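Enquirer: generate coordinates for the sequence data below:
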Amino acid sequence: MPINADEVLERYASGERNFREVDLSGVDLSGKSLQGIQLRKANLSGVNFSDTDFSRADLSQANLNRANMQGVYLNGAILCDANLIEADLSAAVLDGAILEGAILDRAILSQASLSHADLNRASLTDVDLSGADLSEAILDGAVLDGAILNDANLSQADLVVAELNQASLSDATLKEANLSGADLNEADLSGAELVVANLTNASLSEADLHNANLSGANLERANVDKTILNTDESE
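Expert: So this is what the prediction gives:
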């Protein structure tokens, strides 16, 4: 049964934290502090959580479809298997957040901070992560086909067997990133920083690495068929 913002805030202020499976669709809780709240399996579609503090909150399996979460704080929050399709998390802070199996297709995470976040097996098709901080994030097996990661920081990130087909990573920083077995076919890596990156067994067919820095990168057994390297195209 749906509940309103005032009821949530009143119950939270009295010490209640368990709001499992509640229906808060369309509710405005922007700018509030709801640290540690439990919203597992809650219906939060279309909510306004902009600038709200959800540090250490549990939003596992919650429906956050098309939610406004600009500037939201989700440090250490749990969002496993959450639905964040087309949600706006621009400039959000998700450092250390757990998003295993979450669905973020077409979500906006430009300028967001996801340092040390766990996005193992997450679906991020066509997501906008331009300028985002994903340093030391775990993205093993994540699907990032068509994702926009221009100017993103992926230093020391784990992207083992991640799917980045046709992703845009121009001028991205991937220093010491682990991309072993990753699918980077037709990806745009022009100007990317790939110093000491692990690209063993990665597929870079028809990828654009024009002006990319590959100093010390490991390309052993990588597929570079028709890959653009600087001004030359590898046949």
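Enquirer: so the residue nearest to S33 when sequence neighbours are not counted bridges to which residues?
Expert: Leaving aside its sequence neighbours, S33 sits nearest to D53 (C-beta to C-beta, 6 or more residues apart in numbering; 4.5 Å). C-beta here means a position set from N, CA and C on the backbone, and glycine is covered the same way. Following DSSP bridges, D53 is listed with bridge partners S33, Y73.
Enquirer: burial check on D53, number of neighbours?
Expert: Residue crowding around D53 was assessed by other C-beta atoms under 10 Å; the count is 19.
Enquirer: how far away is it from E193?
Expert: Distance from D53 to E193, counting by C-beta to C-beta, to the nearest Å: 33 Å.
Enquirer: in this structure, which spans are strands?
Expert: For the chain, the strands defined by DSSP state E cover 208-209, 228-229, 232-233.
Enquirer: can you list the strands that the second one pairs with?
Expert: Read it as strand 228-229. When DSSP bridges is applied, strand 228-229 pairs with strand 208-209 (parallel), strand 232-233 (antiparallel).
Enquirer: lowest-confidence stretch among the ones you listed?
Expert: Within the strands paired with strand 228-229, the stretch with the lowest mean pLDDT is strand 232-233, showing a mean of 38.
Enquirer: list the contacts of the residue nearest to S33.
Expert: The neighbourhood of D53, defined by C-beta atoms under 8 Å, 6 or more residues apart in numbering, consists of K32, S33, L34, Q35, V72, Y73.
Enquirer: pretty sure the third one contacts A13?
Expert: No: L34 is beyond contact range of A13, at 10.3 Å (criterion: C-beta atoms under 8 Å).
Enquirer: any regions of the protein where pLDDT drops low?
Expert: By pLDDT under 70, the low-scoring segments of the chain are 1, 230-235.
Enquirer: quick one: end-to-end length of stretch 64-80, please.
Expert: Here the two ends of stretch 64-80 are set 12 Å apart, with distance taken as C-alpha to C-alpha, to the nearest Å.
Enquirer: which residues sit against stretch 94-111?
Expert: When contacts are defined by C-beta under 8 Å, 6+ apart, stretch 94-111 is touched by residues 74-92, 112-132.
Enquirer: my guess is N48 contacts N68, does it?
Expert: Yes: look at N48 against N68 with C-beta under 8 Å: they come within range, at 4.6 Å.
Enquirer: what do those two both touch?
Expert: Contacts common to N48 and N68, judged by C-beta under 8 Å, 6+ apart, are S30.
Enquirer: R106: how many residues sit nearby?
Expert: 17.
Enquirer: so A207 sits against A182, correct?
Expert: No: using C-beta under 8 Å, A207 is not in contact with A182, being 10.6 Å away.
Enquirer: which ones are touching A117?
Expert: A117 makes contact with L94, D95, G96, A97, I98, L99, L134, A137, I138 under the criterion C-beta under 8 Å, 6+ apart.
Enquirer: need the contacts of D53 in CSV (columns: neighbour count and distance to D145).
Expert: What follows is these, written out as CSV (neighbours: other C-beta atoms under 10 Å; distance: C-beta to C-beta, whole Å):
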residue, neighbour count, distance to D145
K32, 17, 35
S33, 12, 36
L34, 19, 33
Q35, 17, 34
V72, 26, 25
Y73, 23, 29
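Enquirer: can you tell me which of the residues you listed is nearest N211?
Expert: V72 (35.3 Å; C-beta to C-beta).
Enquirer: that closest one against A87, yeah?
Expert: No: in terms of C-beta under 8 Å, V72 does not count as a neighbour of A87; the distance is 9.6 Å.
Enquirer: would you map the helices across the protein?
Expert: In the chain, helices defined by DSSP state H lie at 5-13, listed in chain order.
Enquirer: all set, thanks.
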